[in-house]
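Participant: Quick check, what structure comes out for this input:
(chains A and B)
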Protein chains: 2
Amino acid sequence: MISPTQTSAALLTDFYQLTMAQAYCELEMNETAVFELFVRRLPPTRRFLVAAGLEQALEHIEQLRFTVADLEFLSQLGSFQSRFLDRLGAVRFTGSVHAMPEGTPFFAGEPILRITAPILEAQLLESRLLNIIHFQTLIASKAARCVVASRGRRLIDFGMRRAHEANAGLFAARAAYLAGFEATATVEAGRRFGIPLSGTLAHSFIEAHDTEEQAFRNFVGTRTGATTLLIDTYDTQRAARLVAALANELRSGGSTRAIQSVRIDSGDLAAEARSVRSILDEHGCGDVKIVLSGGIDEHQIDALLSTGVPADVFGIGTSLDVSSDAPSLDMVYKLAEYAGKPRRKCSAGKATWPGAKQVFRERSAGGEYLRDRIALTGEPPEGQPLLAEVMRGGRRLAPARSLNAIREHCRGEIGALPGLLRELREGPDDYRVTVSDAVRALAESAE
Amino acid sequence: MISPTQTSAALLTDFYQLTMAQAYCELEMNETAVFELFVRRLPPTRRFLVAAGLEQALEHIEQLRFTVADLEFLSQLGSFQSRFLDRLGAVRFTGSVHAMPEGTPFFAGEPILRITAPILEAQLLESRLLNIIHFQTLIASKAARCVVASRGRRLIDFGMRRAHEANAGLFAARAAYLAGFEATATVEAGRRFGIPLSGTLAHSFIEAHDTEEQAFRNFVGTRTGATTLLIDTYDTQRAARLVAALANELRSGGSTRAIQSVRIDSGDLAAEARSVRSILDEHGCGDVKIVLSGGIDEHQIDALLSTGVPADVFGIGTSLDVSSDAPSLDMVYKLAEYAGKPRRKCSAGKATWPGAKQVFRERSAGGEYLRDRIALTGEPPEGQPLLAEVMRGGRRLAPARSLNAIREHCRGEIGALPGLLRELREGPDDYRVTVSDAVRALAESAE
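Facilitator: Next comes the predicted model:
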């Protein structure tokens, strides 16, 4: 019996995956299928996307199994025959997975994951694979824009509270870190993924004291080492003066405690930051850094830094964790081949390219992306093939990559994007992605 | 030791909650705090919101505890003293909770949850309470708009694949059902919450067959009872004729199998639905219903039904599960009182009202909402008080309400909204929410 408040991983799927699986089982359709996962169109506010979530996708694939409790629940629904449920109980993933490494930028139409397996197994993965990869790719892509905008300033994920439930908070922290954020406020993300943690105090702490000064003194007194004080609860400039006095007092007293930074979370951030910087500098606190937060996104980071606002760190919350300007991607998982024959969907506006495909990326001598080509797997390579086999016969071919290794890869790849693709504004994306003649010919023959 | 891929509920919090807790502990600040959870401003595309997520919030509060493994992890971070970690390990929620019943419409500034507890306990709840209630309220509010637009047609949640990770898919199904949806495609949501399940087949099933007709026959053959066929894989009108022929064949053969409906997922849905309806009717299949899906939101439902498009059921996916036009709410959890004294934040644009508050709703004789008033808890009631005590001394005062009971309550309340608030377009919301003189006077005295 599954506890009513525990989640069954296998049942995190759409009902039709199970009715189709029953049909495949009953019809004895056991041939190999190739499914590809890709984004049909980029949101207008994205010039590139960053692949993420593969690690959790592979965990899900490896662990896929229907427990006795799962099968009991399904049996009660009256839609499934016991012969099928027996079969379902024995299902394990036996196929192979090809994928782009996490942290790799990609474009519309390019498969980032390819599943090759008996159709029942491959079909059962659809809903949850999309659910996992869609979300982390969404957030890594948003985070990458913040990283580009920040010009080397530190970025911290503050978004858990308005992320879409628990897992979103957790995996947003992972995806943002992977794309170049430096830390997260979400403690469980620190534990699960080894991401550095950050955060100090909220307005409520200040308000619970009779004076702001007492709150600052009390808080600093309970901290070991350097701390950040939140200074916008009542009057930001007055608070900055209090902080400067306290910082100087600690320093002259030879305390091991120090004020590392101040955080401003409301008001006209540009004006407040400038005036706080002046106050701190005037009082000999040039080493106290300024953290800005409060509804910030990549456009605000860019606007603040373009006008020389003295900001050292940005805390990004809701706009990151819900990818507020583009809260979903048009990501799909589509049949490309079954029983050795190419397959395609011809629905209006949603037609797909048939055949198992590879993405080849050509680079300049300096490593900059020049163009991509979507080709059949058997075509002669032109440039670097982006999808590599990561699982065969249901087993991973290599241990999980460390999150820091993925992050380094992502940093390098974002640096290799043509400059135009790193611009934040909406605009025509002139990066060239072509579909090979062989794919086009196959599409004609498959109709 | 927690498994690296299992989630610790207590660590699903922001790091600063723990640094503040340590300070409260060290400073022996143990007085009672009152925190209130509310939405500062409604998104421009919302005229009302629907409170949801209380059940999961209460589960979280009741179960709050830091395990040995949690404390070990925190200890390694070097920021917390063992004295504090011991105290943290003993923390249980001992306070009280007042809340609006789930399914209740509410407006900007109105507390929907109030926590009264020693400040350390109340503070520790902030991040996860917001995370739980924000998401379900977001989705219930979006779903309620779809329900209003659908004029009694059935609505089904198809959104798990692009929901923000697993829990979002699950709780979106719950929130949508609560607000009036009839079913979900997410199997685990069916198991966890008893929501009716729906779904039949995807394009891949059709494509895996050599002909669409064979796919239809094969699928119907594996089903017991009534089924839905997806008809837009190649040529929707041709598929509609195949379905009509098959439906008539099943009927005349006296089969227990039947085609209940057809689903159209692409193209010009209005034109396709009309032409499919004609084809089905011409062939004596007036009982076969039409399901529309594919990027639908409340505006499209409204536009389709306003022009008389023959649609019986709508499948709503991404736009529902990510609340695409408003993917977050400006929901906050703010200190209103500490140690018996009113508290307020005065930050620019983010000032709060002090004191423990109640929301009173006045209704017409017919039950329609007339106006709301935000008052101090001790003020004489004017109309119906919306927040009721649901937990005292850390214990629930009543068993969980059934999801169907919440759904009935929500249906009644949405029916009691003034007509203008049920309109879908953006516009001035002239529903009157006033703040009592006593609250205003307290704010002046608290500055």
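
Participant: Do you know the pLDDT at the nearest residue to A:Leu49 once chain neighbours are set aside?
Facilitator: Closest residue to A:Leu49 apart from its sequence neighbours, by CB to CB, 6 or more residues apart in numbering or on different chains: A:Ser141 at 4.4 Å. The way it works is simple: take the backbone N, C-alpha and C, and place the C-beta from them, glycine included. Per-residue pLDDT puts A:Ser141 at 98.

Participant: Would you mind measuring from A:Lys142 to A:Thr184?
Facilitator: Remark: distance between A:Lys142 and A:Thr184 (CB to CB, to the nearest Å) = 14 Å.

Participant: A:Ile115 too?
Facilitator: According to CB to CB, A:Ile115 and A:Thr184 sit 31 Å apart.

Participant: which of these two has more neighbours?
Facilitator: Neighbours were counted for A:Ile115 and for A:Thr184 using other CB atoms under 10 Å in any protein chain shown; A:Thr184 has more, 30 against 26.

Participant: I'd say the more buried one and A:Phe171 touch.
Facilitator: No - A:Thr184 lies out of contact with A:Phe171 (CB atoms under 8 Å); the separation is 11.0 Å.

Participant: burial measure for A:Lys341, as a count.
Facilitator: Count around A:Lys341 with other CB under 10 Å applied: 14.

Participant: Spatially, what comes nearest to it if we skip its sequence neighbours?
Facilitator: Looking at A:Lys341 with CB to CB, 6+ apart, the closest residue is A:Ala446, at 7.8 Å.

Participant: Helices of the stretch 1-150 of chain A, start to end?
Facilitator: Using DSSP state H, counting those that start in this stretch, the helices of the stretch 1-150 of chain A run over residues A:15-26, A:54-63, A:68-76, A:82-90, A:119-124, A:126-150.

Participant: Mean neighbour count, the ones you listed: which tops it?
Facilitator: helix A:126-150 (a mean of 27; mean count of other CB atoms under 10 Å in any protein chain shown).

Participant: where do the strands sit along the stretch 251-400 of chain A?
Facilitator: For the stretch 251-400 of chain A, strands defined by DSSP state E, counting those that start in this stretch occupy the ranges A:258-264, A:289-292, A:313-316, A:331-338, A:341-342, A:357-363, A:369-376, A:384-385, A:388-392, A:395-396.

Participant: now these as a markdown table including mean pLDDT?
Facilitator: Converted to a markdown table, the strands of the stretch 251-400 of chain A look like this (pLDDT from 0 to 100):
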| stretch | mean pLDDT |
| --- | --- |
| strand A:258-264 | 96 |
| strand A:289-292 | 98 |
| strand A:313-316 | 98 |
| strand A:331-338 | 96 |
| strand A:341-342 | 94 |
| strand A:357-363 | 98 |
| strand A:369-376 | 97 |
| strand A:384-385 | 97 |
| strand A:388-392 | 98 |
| strand A:395-396 | 97 |
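
Participant: Could you name the stretch from those strands that's closest to B:Arg371?
Facilitator: For those, proximity to B:Arg371 was assessed by CB to CB; strand A:258-264 is nearest, at 37.1 Å.

Participant: Paired strands for the closest one, with orientation please.
Facilitator: Strand pairing for strand A:258-264, determined by DSSP bridges: strand A:226-230 (parallel), strand A:289-292 (parallel).

Participant: Any buried residues in that strand, and which?
Facilitator: Buried positions in strand A:258-264, judged by neighbour count with 16 or more other CB atoms under 10 Å in any protein chain shown: A:Ile259, A:Gln260, A:Ser261, A:Val262, A:Arg263, A:Ile264.

Participant: The fourth one and A:Ile290 touch, don't they?
Facilitator: Yes - A:Val262 lies in contact with A:Ile290 (CB under 8 Å); the separation is 6.1 Å.

Participant: Name the residues contacting each of the two.
Facilitator: A:Val276, A:Leu280 (CB atoms under 8 Å, 6 or more residues apart in numbering or on different chains).

Participant: need the buried residues of strand A:258-264 in a markdown table with distance to B:Phe73, can you?
Facilitator: Below are these laid out as a markdown table (distance: CB to CB, whole Å):
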| residue | distance to B:Phe73 |
| --- | --- |
| A:Ile259 | 27 |
| A:Gln260 | 23 |
| A:Ser261 | 25 |
| A:Val262 | 29 |
| A:Arg263 | 25 |
| A:Ile264 | 31 |
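
Participant: Next to chain B, which bits of the stretch 251-400 of chain A? Give me the list.
Facilitator: A:265-268, A:318, A:322-324, A:327-329, A:331, A:334-335, A:338-339, A:343-350 (CB under 8 Å from any CB of the partner chain).

Participant: ChimeraX command to pick out the buried ones of these?
Facilitator: Burial among these is assessed by 16+ other CB under 10 Å; the matching ChimeraX selection reads:
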select /A:265,266,267,318,322,323,324,327,328,329,331,334,335,338,343,344,345,346,347,350
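
Participant: Please flag which of the residues of the stretch 251-400 of chain A next to chain B sit within helices.
Facilitator: Among those, the members falling in helices (DSSP state H) are A:Thr318.

Participant: Who are the packing partners of the lowest-mean-pLDDT helix or strand in chain A?
Facilitator: Least confident element among the helices and strands of chain A, by mean pLDDT, DSSP states H and E: helix A:437-446 (a mean of 91). When contacts are defined as 3 or more CB pairs under 8 Å, 6 or more residues apart in numbering or on different chains; DSSP states H and E, helix A:437-446 packs onto strand A:341-342, strand A:369-376.

Participant: try 10 Å this time
Facilitator: strand A:331-338, strand A:341-342, strand A:357-363, strand A:369-376 (3 or more CB pairs under 10 Å, 6 or more residues apart in numbering or on different chains; DSSP states H and E).

Participant: Let me know which of those strands is tucked in deepest.
Facilitator: strand A:331-338 (a mean of 24).

Participant: domain parsing for chain A?
Facilitator: Split into domains by automatic domain parsing, chain A comes to A:15-139+A:326-446, A:151-321.

Participant: closest to B:Leu37 out of these?
Facilitator: Closest among the domains of chain A, using CB to CB: domain A:151-321, at 10.6 Å.

Participant: First-to-last residue distance for stretch A:424-441?
Facilitator: In stretch A:424-441, first residue to last residue: 37 Å (CA to CA, to the nearest Å).

Participant: and it, how far from the chain's centre?
Facilitator: On the basis of CA atoms, centre = their mean, to the nearest Å, stretch A:424-441 sits 23 Å off its chain's mean C-alpha point.

Participant: Return the set of residues that bridge with the residue nearest to A:Thr434 when sequence neighbours are not counted.
Facilitator: Spatial nearest neighbour of A:Thr434, excluding adjacent residues (CB to CB, 6+ apart): A:Arg373 at 5.1 Å. Following DSSP bridges, A:Arg373 is listed with bridge partners A:Phe360, A:Thr434.

Participant: Report the contact partners of A:Arg373.
Facilitator: A:110, A:358-362, A:379, A:381-383, A:432-436, A:439 (CB atoms under 10 Å, 6 or more residues apart in numbering or on different chains).
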